[in-house]
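K.L.:
Following is a predicted model, sequence given first.
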Amino acid sequence: MSTQPESTPAPTVRHLRLLPWSHDGKPAHLVTDGTRSFLSQLADKIEGQQIETAAVIVSLARPMVEDSADLSADELRWVARRLVESLTDVLNIAESRGQRIPPYEGEESED
């Protein structure tokens, strides 16, 4: 016999998801019960776009960093900035997705 009134809902499992955007330079998180929501779908879409953008930037940067390329220091800085931006986005996505992977059975989370 339960001591809780019948109208009390069962506790839900809470998931914390790192989002692919920030607020004032601070990470933004979504607290959810793990079900698909508008915000989680938006985050998935943005992550996909960030990954696609990173792939395009890498394909454009490859010839720019070849030994035969004749680029100025300003041009090299520009491509380096774009690569750093893309790498930052992709690392954020990897961290977010890694946090959502449950530990192996019998192991505890490293949090």
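P.N.:
Happy to help now that I have it.
K.L.:
Look at the residue nearest the centre of the chain and tell me its secondary structure.
P.N.:
Averaging the C-alpha coordinates of the chain gives a centre point, and the residue nearest to it by C-alpha atoms, centre = their mean is Ile93 (2.2 Å). At Ile93 the chain is in helix, as set by DSSP: H, G, I helix; E, B strand; the rest coil.
K.L.:
I'd like the distance between the residue nearest to it when sequence neighbours are not counted and Pro103.
P.N.:
Excluding the flanking residues, the one nearest Ile93 by C-beta to C-beta, 6 or more residues apart in numbering is Glu47, at 4.9 Å. Bear in mind the C-beta positions are built from the backbone N, C-alpha and C, glycine included. With the distance defined as C-beta to C-beta, to the nearest Å, Glu47 ends up 22 Å from Pro103.
K.L.:
Then Glu52?
P.N.:
Taken as C-beta to C-beta, the span from Glu52 to Pro103 is 30 Å.
K.L.:
what do you get for Trp21?
P.N.:
For Trp21 relative to Pro103 (C-beta to C-beta), the value is 27 Å.
K.L.:
Then Arg17?
P.N.:
The span separating Arg17 from Pro103 equals 17 Å under the rule C-beta to C-beta.
K.L.:
So for those two, which sits in the more crowded spot?
P.N.:
Using other C-beta atoms under 10 Å, the more surrounded residue of Arg17 and Pro103 is Arg17, with 19 against 10.
K.L.:
Please, which helix or strand holds the more buried one?
P.N.:
Applying DSSP states H and E as the criterion places Arg17 in strand 15-23.
K.L.:
Quick one: distance of the helix or strand that that strand is followed by to the chain centre.
P.N.:
Of the helices and strands lying after strand 15-23 in sequence (DSSP H and E), the nearest is strand 26-32. Centre-to-centre, strand 26-32 and its host chain are 11 Å apart (C-alpha atoms, centre = their mean, to the nearest Å).
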